[in-house]
Structure formats: structure tokens, C-alpha cells
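> Sequence below, structure please.
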Amino acid sequence: MLADLITSAPHTEEVAFAAIEASRAPVVLFGAGELAWYSLEYLRQHGIEPVCICDNDPKKQGTSYLGLPVYSYDGMREEWGAGAAYNVVVSVGPQYRDAIYAQLAAAGDANPAWYLRGYEVCGEKITYAFFREHLAQFEEAYSLLADDASRKVFVNVLNAKLSGDFSLYQEVMGGVEYFDPDVVHLSDHEVLLDVGAYKGDVIVEFVRQTGGKYDQIIAFEPDKGTLAILEGTVAAHGIGGVEVRNMGAWHERAVLHFHDGRAGSSRVSEAVESATPSTSIDVDTIDSILRGRRVTYISMDIEGAERSALLGGALTIATWKPRVAVCVYHKREDLYDIILLLASQVPGYRFFLRHYSDNQTETVLYAV
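Just a heads-up that it's a prediction; the model follows:
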């Protein structure tokens, strides 16, 4: 049984949260970039509210980010006074982490500094209690996987999320994302629907995979700033037959809030979040936009809106039975929920799961 393969041990970062809570000292984020949002949400899920952010960029100092004041590191220490007690949560990418730790050491800062990576990308942290609560769904999804490699990915990804052991991700990395050669074999007459096309990387790879022989490419990208980059990518590579739609995919026609201040992790939301910048965007269903047009391959990475988009494409999917490559790492329920949804839409689908990073991102479900 799947349950026998899943760890019930506490996540390794529970030690950090317990120490932060026991200290009763305020928490300072170090780094006012995209990773700060994840760290902030992760801390809040544990009942911890940071008081400010430090950043080395003079342009950010003296501003507010995610609803928190931003200081220089020296400015924060001056304001709080010598010997002040606090916890530092380093909220930068791994490539910058060591430099921050070196800066703290050079300043003689003896306060504890933590680096947290166990957050979920767009939702709540998965726990063993959540796994047990939804065991039947996890078991059903696991049973639908078509090969041993997929089952290995499922178990490793789930255990990595629960335990914090990132080596489990590394064990199952591989392939070409969205076009894994073990799973995907393209013809000369494909119609790609790229939902969340971002800067066009999937489109470029699709053209490479098909040798430039395909019927059409349809791209959805709701971020107006990124749209220009996407169109530039298409033009720079001389890619023809591309139809670009500046809108998001959803389960109904609506105007939503697009939180576009987080680069590749921008996303749609039904509510305004005061801490993150947002703009209003139009969204509609895949079915309404395509109006019965043929699609043979769908790639989808839309930061937690995947389920809504698939619901809005139910008729297109049932009619054309396209192969689907969809990200299943944004929300804790995605690992089982999206498999079960697609299985209900096309009972004949075979499911494969692959993982393409050394962390909790880039887990892709293939329905073929």
C-alpha cells in the first residue's frame, strides 16, 4: 500500500520553527525578492509574523515590500540597538544564501539565522495529517500511474514534501520538461496549446521537438509585461503559426486579480492581496476561447490555477483527447486531484509523472 511507503516523521524544518517560537524574539526576513513571499507565507502558516525585511539594494531600502518595511541590514541594527535579539530568515535563492550568511558572520551577528525551503509554492504546506485525511484520493491517483518510474516519482516527491529531504527530489530528476522522451512522441501535425506561456520556452522546445513541422501554436499569457517578451521570443526564433492570447484560463468568464510582482510565479486570484501588486485581467474558459478548434497537446503551468483551467477545458479535452502536460506542484492537493480530474474527463488516459528540479518545483503530470 502507498501508506507503507510514506514517512510520518516530522519535517526537518519543524526544529527551526520550534526554536523561533521558543525564542520569543522578532523575525527579520533578509532579502526583498520573490523568495520573500514564499518565506513569509510559510512562516505565517506556522503562526509567525515577521516584523521587517532587510535588503542590500539601496533602491529597496526605505520602501515597503509585502506589507513590511525594508531596511538596510546596518540600518535595522542601528534602529534596534546593539545586542538586540532577533531571528533572521534568509529569503533569497540558494545562489545568494552563502553571501548573506557571510555578511552576518562578518558583522559579528550572533543571532540565529535560518534558511527555509519546505514551503509549498502557492498553497498550504502538505503534512502527514493531510496525507492521512486524503489517503483514499492519494491511493487512487497512485494506482492510476502507468509505470514504475511514475510511482517512484510520486513516492519521492511526497516524502520530500513531508520530510524536507531534498535528496529525494534529486533521485528522480531527469528528461526534458513537458516533452519527456520516455512519454511524449510528437507527430508532424500537432496543435500546441501553451497555457501560461510565460517567455516562450515551451514554444521554442516544441518547435525543436517537432523539427518545425506542426500545424499551429496557441499561447495564453495574461501578464502584459511578459507578453512582450513572449512575442519577442517568437519573433527572434522565427516561429510561425503562433496565436497569442493576452488572457488567463479559468473555469468561467471573469475579471480576476493578476498578481504579477513575482516573475515566473505570477498567478491569478479571485481576491485582492494587499501585500502583493496586482492588476485586473480577463479570464475565460479554454472551451469558450477555442470554440471547438482542434488541440493535440496542452502544456500548462499557471501557478495553482491548473484545476480551474482544466475544468474550463473539459469539452475540448473530451472531444480531442489531447496529450496533456500539467504542473502538479503548486498546491498540496494537486498531486492527486489533477490526476483524478483528468481521469474523469477522459477515462482512457494513461498517466505518467516526472520531476525536473532539485526542489519542490517542476513536477509534471502527463496524460497520454
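> Give me the longest helix you can find in the chain.
The single longest helix within the chain, with elements called by DSSP state H, is helix 148-163.
> gap between that helix and the chain center?
When distances are taken as C-alpha atoms, centre = their mean, to the nearest Å, helix 148-163 is centred 17 Å away from the chain's centroid.
> List the buried residues for that helix?
For helix 148-163, the neighbour count (16 or more other C-beta atoms under 10 Å) marks 149-163 as buried. From N, CA and C alone the C-beta is placed, and that goes for glycine too.
> Excluding its own residues, what touches it? List them.
In this structure, residues lying in contact with helix 148-163 by C-beta atoms under 8 Å, 6 or more residues apart in numbering are 2, 5-9, 11-12, 118, 120, 125-128, 131, 138, 141-142, 145, 165-166, 168-169, 171-172, 182, 329, 332, 335, 351-355, 360, 363.
> Show only the entries of those residues found in helices.
If you go by DSSP H, those have 128, 131, 138, 141-142, 168-169, 171, 335 in helices.
> which of these are buried?
131, 138, 141-142, 168-169, 335.
> which one of those residues sits closest to A197?
Ranked by distance to A197 (C-beta to C-beta), those are led by L335 at 24.0 Å.
> Could you tell me which residues make contact with the closest one?
L335 neighbours (C-beta under 8 Å, 6+ apart): 138, 141, 154, 157-158, 328-329, 363.
> Of the residues you listed, which is the nearest to G312?
V328 (17.5 Å).
> wouldn't the closest one be in contact with E362 here?
No: judged on C-beta atoms under 8 Å, V328 makes no contact with E362 at a distance of 10.1 Å.
> can you pull out the strands in the stretch 101-250 of the chain?
Assignment of strands within the stretch 101-250 of the chain using DSSP state E, counting those that start in this stretch yields the ranges 113-114, 191-195, 216-220, 242-245, 248-249.
> mean confidence score for the second one?
Just to be clear, that refers to strand 191-195. Regarding strand 191-195, the rounded mean pLDDT is 98.
> Sheet-wise, list the partners of that strand with their directions.
Under the criterion DSSP bridges, strand 191-195 sits next to strand 216-220 (parallel), strand 297-300 (parallel) in its sheet.
> One more: the last one?
Neighbouring strands of strand 248-249 in its sheet, by DSSP bridges, are strand 279-284 (parallel).
> how about the strands in the stretch 251-368 of the chain?
All strands of the stretch 251-368 of the chain, identified by DSSP E, counting those that start in this stretch, fall at 254-259, 267-269, 279-284, 297-300, 323-327, 351-355, 363-367.
> can you put these in JSON lines and add mean neighbour count?
Shown next, in JSON lines, are these (neighbours: other C-beta atoms under 10 Å):
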{"stretch": "strand 254-259", "mean neighbour count": "18"}
{"stretch": "strand 267-269", "mean neighbour count": "21"}
{"stretch": "strand 279-284", "mean neighbour count": "16"}
{"stretch": "strand 297-300", "mean neighbour count": "25"}
{"stretch": "strand 323-327", "mean neighbour count": "24"}
{"stretch": "strand 351-355", "mean neighbour count": "25"}
{"stretch": "strand 363-367", "mean neighbour count": "25"}
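> Least reliable of the ones you listed by average pLDDT, please.
strand 267-269 (a mean of 55).
> Relative to its centre, which residue of the protein is most distant?
Farthest-out residue of the chain from its mean C-alpha position, per C-alpha atoms, centre = their mean: A82, at 39.5 Å.
> neighbours around A99, how many?
12 (other C-beta atoms under 10 Å).
> One more: P50?
Neighbours around P50, by other C-beta under 10 Å: 21.
> give the contact list for G196.
Residues counted as contacts of G196 (C-beta under 8 Å, 6+ apart) are 220-221, 249, 300-303.
> Of the residues you listed, which is the most crowded?
Neighbour max across the contacts of G196 (other C-beta under 10 Å) = A249, 29 neighbours.
> and that one, what are its bridge partners?
For A249, the beta-bridge partners are D284 (DSSP bridges).
> Now do it, the pLDDT please.
A249 is assigned 95 on the pLDDT scale.
> Next: H185.
95.
> if we can go back for a sec, got the strands of the stretch 251-368 of the chain as TSV, with distance to R291 columns?
Shown next, in TSV, are the strands of the stretch 251-368 of the chain (distance: least, C-beta to C-beta, whole Å):
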stretch	distance to R291
strand 254-259	18
strand 267-269	22
strand 279-284	11
strand 297-300	16
strand 323-327	19
strand 351-355	28
strand 363-367	23
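> lowest-confidence helix or strand of the protein?
Taking mean pLDDT, DSSP states H and E as the measure, strand 267-269 is the helix or strand of the chain with the lowest mean score, a mean of 55.
> State the distance from S23 to V88.
12 Å (C-beta to C-beta, to the nearest Å).
> rewinding a little: which one among the contacts of L335 gets closest to G211?
Looking across the contacts of L335 and measuring by C-beta to C-beta, the closest to G211 is T363, at 28.0 Å.
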